[in-house]
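>>> I need the structure of the sequence given here:
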Amino acid sequence: MATLDLVQLADDIKQWGRELGFAQIGIADIDLSAHEPELQQWLDANYHGEMDYMARHGMMRARPDELHPGTLRVISARMDYLPPDASFAKDLKQPDIAYISRYALGRDYHKTLRKRLKQLGEKIKQSVPELDYRPFVDSAPILERPLAANAGLGWVGKHSLVLDEHAGSWFFLGELLVNIPLPTDQGVEEKCGHCTACMTICPTQAIVEPYVVDARRCISYLTIELQGAIPVEFRPLIGNRIYGCDDCQLICPWNRYAKLTNEADFMPRAALKGQQLLTLFNWSEAEFLEQTQGSPIRRIGYQRWQRNLAVALGNAPHDQAIIDRLQIALGQCESTMVAEHIQWALIQQQQKADLMLTKKTQRLIRSIEKGLPRDA
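Modelled structure (predicted):
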């Protein structure tokens, strides 16, 4: 390695990354010691909820060379995923339509990015036969966001996501741990300023302070990571979001600069985007597995899929068709956890029906009173 032109190699790696479809490549050292105290505080506050894997490896998350011995640098890669017709707001404003987080509407990004990172590693190996590398895509105990920030891919915003002033936050991150002492890139200045839009918009107020998210309150956690029942106090706040939540990104002013993707893997599937809640709730388990093949959604399993949809149906406007379907599903349900959410949804729908009847009765009374003589 002593004879290598490391500066030229770093430039080559960035070019090869672009050729593989990455929007940006940056290089960081492995020193994350400054982040260890805040990581420990986050874990001590139990903000990770049921995600035991967050605590299982201790401070290894902040020590890449413990994760992969011999690591000297981390190549951080960004891949944009925003399609030309995202139509976020339209779906959120239609409470009978299922809202699925934008990142999950296409192919599982883990597979796409990991394949490209491996290709990048092999390309580097052609120039540096002694290279030892290991790719990661949200799949190992590593602080990928601080690493991306150190590599110059943006800054960590108050919602805890990485932001770039020229690309917003609609992108995936992946890492290549390497044993080459490449020159590192400079981090960028944080530019959230006094803005707290993401904190204000969060339906469940999960961003408990700038840069700190209590996962136990986050809709993404509640609909994806949580294994059991969704706490009752959060169910009405979930609305029609059945897998993840994008609100903090939707409101962020920097996302006006987000870059569109032309990556075919990230284009939305027709079976998932803009579908009626009842349509998705009517899927059998076999249909769920078929329609989510190769999708990150499949990992939550059919029961949590039904659980999430039941909550959304409870939040939907009153519809007798919803009540009828929920009653049938309740009679056929084999999961106690799912049955609990169906029962909750039925109560919500019945309350809306009662409220509609009350309002109709009140209007009728007022109409009758207006037609009565003054001395009646």
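
>>> please make it C-alpha for all contacts and neighbour counts, starting now.
Noted.

>>> neighbours of Ile207, just the number please.
24 (other Cα atoms under 10 Å).

>>> flag the shaky bits of the stretch 1-150 of the chain, pLDDT-wise.
Scanning the stretch 1-150 of the chain for pLDDT under 70 picks out 1-3.

>>> not counting sequence-adjacent ones, nearest residue to His110?
Of all residues not flanking His110 in the chain, Val137 sits nearest, at 5.6 Å (Cα to Cα, 6 or more residues apart in numbering).

>>> Gly174 belongs to a strand?
Yes. Assessed with DSSP: H, G, I helix; E, B strand; the rest coil, Gly174 lies in a strand.

>>> list the contacts of it.
By Cα atoms under 8 Å, 6 or more residues apart in numbering, the residues touching Gly174 are Ser76, Ala77, Arg78, Leu113, Arg114, Leu117, Pro135, Phe136, Val137, Asp138, Glu144.

>>> go again using 6 Å as the cut-off
Residues near Gly174 by Cα atoms under 6 Å, 6 or more residues apart in numbering: Ser76, Ala77, Phe136, Val137.

>>> closest to Gly58 among these?
Nearest to Gly58 among the contacts of Gly174 is Phe136, at 18.2 Å by Cα to Cα.

>>> where do the strands sit along the stretch 201-350 of the chain?
With strands called from DSSP state E, counting those that start in this stretch, the stretch 201-350 of the chain shows them at 207-209, 212-213, 241-243.

>>> just put these in JSON lines and tack on distance to Ala149 and mean pLDDT.
Converted to JSON lines, those look like this (distance: least, Cα to Cα, whole Å; pLDDT from 0 to 100):
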{"stretch": "strand 207-209", "distance to Ala149": "20", "mean pLDDT": "98"}
{"stretch": "strand 212-213", "distance to Ala149": "16", "mean pLDDT": "98"}
{"stretch": "strand 241-243", "distance to Ala149": "27", "mean pLDDT": "98"}
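
>>> hey, which of the ones you listed is tucked in deepest?
Mean neighbours per residue, mean count of other Cα atoms under 10 Å, is largest over those for strand 241-243, with a mean of 26.

>>> remind me which helix or strand His166 belongs to.
Assigned by DSSP states H and E, His166 belongs to no helix or strand.

>>> center of the protein - which residue?
Gly244 (5.2 Å; Cα atoms, centre = their mean).

>>> that one and Gln40, how far apart?
In this view, Gly244 and Gln40 are 25 Å apart by Cα to Cα, to the nearest Å.

>>> same deal with Leu67?
Taking Cα to Cα, one finds Leu67 at 18 Å from Gln40.

>>> who has more neighbours, the two?
Of the pair Leu67 and Gln40, Leu67 is the one with more neighbours under other Cα under 10 Å, namely 17 against 14.
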